[in-house]
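1. structure of the sequence below:
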Amino acid sequence: MSAPLILCIEDEPSLRDDIAAELGEAGYAVIQAADARDALERLDDRRPDLILCDIVMPGMDGRALLTHLRSARPELNDIPFVFLTALSSREQMIDGRRAGADDYLTKPIDYDLLRAMIAARLDQVARLRSARVHEAETGALDRLTVGVVLLDAEGGVRHVNRAARDLARDAGIALEPRVTGTGEDGRKLAALLARILSGSEGGAALWLEDAARRVMVLGRPFGADPTRGAAAMLTLSDPDRHDTLDPAALRQLFDLTPTEANVARLVAQGLRRDQVAARLGVSPNTVAFHLRNVFDKTGTRRQADLMALILSMPMTWSDP
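-> The predicted structure is shown next:
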């Protein structure tokens, strides 16, 4: 597992270097930024796990930077933002809280307190993200029009949404306690499950069809990540449906950020990366950064693979 990444924004070079050295010794990776402009450039291609930011800086100060990030970069809202300040008055702390800061640390910095605060904040974020994943694996999936079946490492069924129950019934698939079929369809399904659960493939698909119906089954592994609580996912879709894509559903299915979901949706519509950047009002580098994350989370490697994956999973949506 890679070390948690901390972005330290401080205009005083010696203090910035000291903080970076202390955090490096504590096992963290550190990105240094001298001011808000520098920080915004670094956030275009890196996503830190926590941001430390001086309040009083030339140009855009810490409060203005935080306000800008909360409005312009909502995908970063779950990253703890901690102010570094020499001002510890009650009014200053209230102003910072109103701006959306998660915590305060006064100068001169107590490095033991800094390390303890960072560890506590990162642990809190990990627990919240784990809770959101658990919610996405249960009730939230019932709102999708694509069928979703979550599997454990042995192939046992952990969760089935409503759409999956309906599609499986039409396709003659049994879903509990394990996913099984009959005849040739059953053999094809067993082979697909074996491939994705072994981790030998990033994804696999098959058609289950007869004279009356046709259902697409797509499988992909999650890997042995205990925070997810599931090792693999099957999606079942009806090719005769022609609904369009829902960014919120993409987020829930693949644990994407809001920006990653919108990038994936626009790429699936056939837009080039520069067109996606123009549509979302971000730089092409930012689009490339989010697209790399989407590839990692969906188990795809190329834009064509991503398009094929998403377009095989019909969902309804309304453009924000």
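
2. quick one: pLDDT of Pro4?
-> Per-residue pLDDT puts Pro4 at 93.

3. that one and Ser14, how far apart?
-> 24 Å (CB to CB, to the nearest Å). For the C-beta atoms, the positions are set from N, CA and C on the backbone; glycine is no exception.

4. domain map for the protein?
-> Taking automatic domain parsing as the reference, the chain has its domains at 5-136, 137-240, 242-320.

5. possible to save those as CSV with mean neighbour count?
-> Shown next, in CSV, are the domains of the chain (neighbours: other CB atoms under 10 Å):
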stretch, mean neighbour count
domain 5-136, 16
domain 137-240, 17
domain 242-320, 18
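
6. can you name every helix or strand that the helix or strand harbouring Ile310 contacts?
-> According to DSSP states H and E, Ile310 maps onto helix 303-311. Applying 3 or more CB pairs under 8 Å, 6 or more residues apart in numbering; DSSP states H and E, we find helix 303-311 packed against helix 258-268, helix 284-298.

7. and the contacts of that helix?
-> Residues outside helix 303-311 that contact it (CB atoms under 8 Å, 6 or more residues apart in numbering) are 203, 218, 245, 250, 264-265, 267-268, 270, 291, 294-295, 298, 300.

8. any idea which of these is least confident?
-> Within the set of the contacts of helix 303-311, pLDDT is lowest for Leu245 (56).

9. out of the helices and strands packed on helix 303-311, which comes closest to Ala64?
-> Nearest to Ala64, of all these, is helix 284-298, at 20.5 Å by CB to CB.

10. mean confidence (pLDDT) on stretch 120-139, please.
-> Mean predicted lDDT for stretch 120-139 stands at 69.

11. biggest strand in this protein, by residue count?
-> strand 214-221 (DSSP state E).

12. and the angle from it to helix 284-298?
-> 100 degrees (axes from the mean of the first three to the mean of the last three CA atoms, to 10 degrees).

13. who are the packing partners of strand 214-221?
-> Using 3+ CB pairs under 8 Å, 6+ apart, strand 214-221 sits against helix 162-171, helix 183-198, strand 204-209, strand 232-237.

14. can you flag the weakest of these by average pLDDT?
-> strand 204-209 (a mean of 80).

15. mind checking how far it is from the chain centre?
-> Offset of strand 204-209 from its chain centre (CA atoms, centre = their mean, to the nearest Å): 27 Å.

16. show residues contacting it.
-> Strand 204-209 is contacted by residues 171-173, 181, 185, 188-189, 192, 195-196, 214-220, 312 when judged by CB under 8 Å, 6+ apart.

17. hmm, 7 Å instead?
-> Here strand 204-209 makes contact (CB atoms under 7 Å, 6 or more residues apart in numbering) with 171, 185, 188, 192, 195-196, 214-219.

18. out of those, who's nearest Asp112?
-> Nearest member of those to Asp112, counting by CB to CB, is Ile196, at 46.5 Å.
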